[in-house]
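Colleague: The following comprises the amino acid sequence and a computationally predicted model.
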Amino acid sequence: MKLTGIELRRVAIPLVSPFRTSFGTQHTRELGLVRVRTEQTDGYGELVTMTAPVYSAEYTDGALAVLRDHLIPLLAQAAAKTGLDPWAVAPALAPIKGHRMAKAALETAVLDAWLRERSLSMAEWLGATREKVAAGVSVGIMDSVPQLLDAVGGYLDEGYLRIKLKIEPGWDVAPVRAVRERFGDDVLLQVDANTAYTLADAPLLARLDPFDLLLIEQPLDEEDIRGHAELAKRVRTPICLDESIVSARSAADAIALGACAVVNIKPGRVGGYLESRRIHDVCVANSVPVWCGGMLETGLGRAANVALAALPGFTLPGDTSASDRYYRTDITEPFVLEDGHLQVPREPGLGRTPIPELLEAVTETKEWIAL
Ligand SMILES: O=C(O)CCC(=O)N[C@@H](C(=O)O)c1ccccc1
């Protein structure tokens, strides 16, 4: 596949409500967009970095710079010789260390274009086995328990099949207890700490055990694999890793060390959808259930995540919520919750394309790089 140029955009989309996690509160989602132009079509990849490097070391302006100054020149060199297929992208970018979200955006754009040229859907190419995926929803830290209960009640009324509560020290046992007392024991419920605790908090985290949670997500520092393995011996609730899992290798290591019983697969965090499928395969081989995490993606990244979540090993509802969980207006045709599920796109490529006037309305900067 011959590439003719690449466009980088920085977009800023207002959130329908502030989203608070243990590392801060977001009012607007500032992310990047990569468009790869080939002789026949366009391909899109979403850059899921945060505005600041608070979830991981990457951040949007830095990722756009590394794309412009390092990753795209390398890709252009590889493409100039033999054209480019999706599985050749990661090897071409390997000389650059890290920057997995930036690499994921570029690889996904190339994959999208390659699929569109062949009228293949992402779901078909990945090996999806489902036509729709169960949708969970992530609920931020709130100012009060009553406010949280209103939010959870609203999402359950909308039909979400799983509730994920963000927690941090001082906002953990009480909100979980309140949700259980109000909505009962049958609601699928899990918590996400985003690395906010230490092993010394094991007794506190064990106080979550009576609430029959599906999992506790990333309680400790992303580099504390041993700590998670020790914590798993001191709490009954299954440990799930997010920030710690950056590749199939790190997933295999964490599983072998007993650091996690569940894995959140986030394509941007692990360098793209090809590596995501490898992590899925490693987890399935170890009987470790996986679910698809989210980075408040627009309909573009959301479409790819829904296709990924349709693979057989994704047995838990993921953070693949409807578009209106975060955005009043998505930049693509929105994803709509239907009986607690999202339909897996079967159109060529990601199955969603930006609506030009909506994309322009949220574009802060854009630049074209001819190849
Ligand atoms: O539904 C979504 O897309 C967001 C799910 C979610 O809570 N993501 C969290 C996370 O830590 O997993 C996150 C939010 C914002 C930025 C980074 C991560």
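Modeller: Yep, that arrived.
Colleague: neighbours around the residue in the stretch 251-371 of the chain positioned nearest to the ligand, how many?
Modeller: As assessed by CB to the nearest ligand atom, the ligand sits closest to G294 within the stretch 251-371 of the chain, at 2.2 Å. Every C-beta, even on glycine, is put in place using the N, C-alpha and C of the backbone. As a burial measure, G294 scores 23 neighbours (other CB atoms under 10 Å).
Colleague: Sketch out the strands for the stretch 201-350 of the chain, chain order is fine.
Modeller: 216-217, 239-241, 262-265, 290-292, 341-343 (DSSP state E, counting those that start in this stretch).
Colleague: Which among those strands is found nearest to A92?
Modeller: Nearest to A92 among the strands of the stretch 201-350 of the chain is strand 262-265 (23.2 Å), distances taken as CB to CB.
Colleague: before we move on, back to that, can I get the strands of the stretch 201-350 of the chain in TSV including mean pLDDT?
Modeller: TSV is the format used below for the strands of the stretch 201-350 of the chain (pLDDT from 0 to 100):
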stretch	mean pLDDT
strand 216-217	98
strand 239-241	98
strand 262-265	98
strand 290-292	98
strand 341-343	98
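Colleague: The ones you listed into CSV, with extra columns for mean neighbour count and distance to the ligand?
Modeller: Supplementary listing: these in CSV, determined by neighbours: other CB atoms under 10 Å; distance: least, CB to the nearest ligand atom, whole Å:
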stretch, mean neighbour count, distance to the ligand
strand 216-217, 28, 7
strand 239-241, 25, 10
strand 262-265, 26, 7
strand 290-292, 27, 9
strand 341-343, 19, 12
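Colleague: Any idea which of those gets closest to D319?
Modeller: That would be strand 290-292 among those, by CB to CB, at 6.8 Å.
Colleague: just so I know, which of the strands of the stretch 201-350 of the chain lies nearest S323?
Modeller: For S323, the closest of the strands of the stretch 201-350 of the chain is strand 341-343, at 9.5 Å, according to CB to CB.
Colleague: Which elements pack onto the very next helix or strand once past that closest one?
Modeller: Moving toward the C-terminus from strand 341-343, the next helix or strand (DSSP states H and E) is helix 356-362. Helix 356-362 makes packing contacts with strand 3-21 when contacts are defined by 3 or more CB pairs under 8 Å, 6 or more residues apart in numbering; DSSP states H and E.
Colleague: What strands flank the strand it packs on, and is each parallel or antiparallel?
Modeller: strand 24-38 (antiparallel), strand 363-370 (antiparallel) (DSSP bridges).
Colleague: Please identify the most buried of these.
Modeller: Across the strands paired with strand 3-21, averaging neighbours per residue (mean count of other CB atoms under 10 Å) puts strand 24-38 on top, at a mean of 20.
Colleague: Could you give the bridge partners of whichever residue of the stretch 51-200 of the chain sits closest to the ligand?
Modeller: Nearest to the ligand in the stretch 51-200 of the chain, going by CB to the nearest ligand atom, is S138, at a distance of 3.3 Å. With DSSP bridges applied, S138 shows beta-bridge pairing to K164.
Colleague: count of neighbours near it?
Modeller: Count around S138 with other CB under 10 Å applied: 24.
Colleague: wait, doesn't it sit right on P317?
Modeller: No. Counting by CB atoms under 8 Å, S138 does not reach P317; the two are 11.0 Å apart.
Colleague: show me the contacts for the residue nearest to W125 when sequence neighbours are not counted.
Modeller: Excluding its sequence neighbours, the residue lying closest to W125 (CB to CB, 6 or more residues apart in numbering) is L115, at 5.9 Å. By CB atoms under 8 Å, 6 or more residues apart in numbering, the contact set of L115 is 43, 121-122, 125, 348-350.
Colleague: In which helix or strand does L115 reside?
Modeller: Secondary-structure assignment from DSSP H and E places L115 in helix 100-117.
Colleague: Run the chain-centre distance for that helix.
Modeller: What separates the centre of helix 100-117 from the centre of its chain is 15 Å, taken as CA atoms, centre = their mean, to the nearest Å.
Colleague: Flag every buried residue along stretch 331-346.
Modeller: 331-335, 337, 340-342, 344-345 (16 or more other CB atoms under 10 Å).
Colleague: Compare the contacts of L115 and tell me which is most surrounded.
Modeller: L350 (31 neighbours).
Colleague: That one against M122, yeah?
Modeller: Yes. The pair L350 and M122 passes the contact test of CB under 8 Å, sitting 5.6 Å apart.
Colleague: Name the residues contacting each of those two.
Modeller: 112, 115, 303-304, 307.
Colleague: Relative to A104, which of the residues you listed is nearest.
Modeller: Using CB to CB, those come closest to A104 at A304, 9.7 Å.
Colleague: Run through the residues that contact the closest residue to that closest one other than its chain neighbours.
Modeller: The spatial neighbour of A304 that comes closest, neighbours along the chain excluded (CB to CB, 6+ apart), is L350 at 5.2 Å. Listed by CB under 8 Å, 6+ apart, the contact set of L350 reads 44, 108, 112, 115, 122, 300, 303-304, 307.
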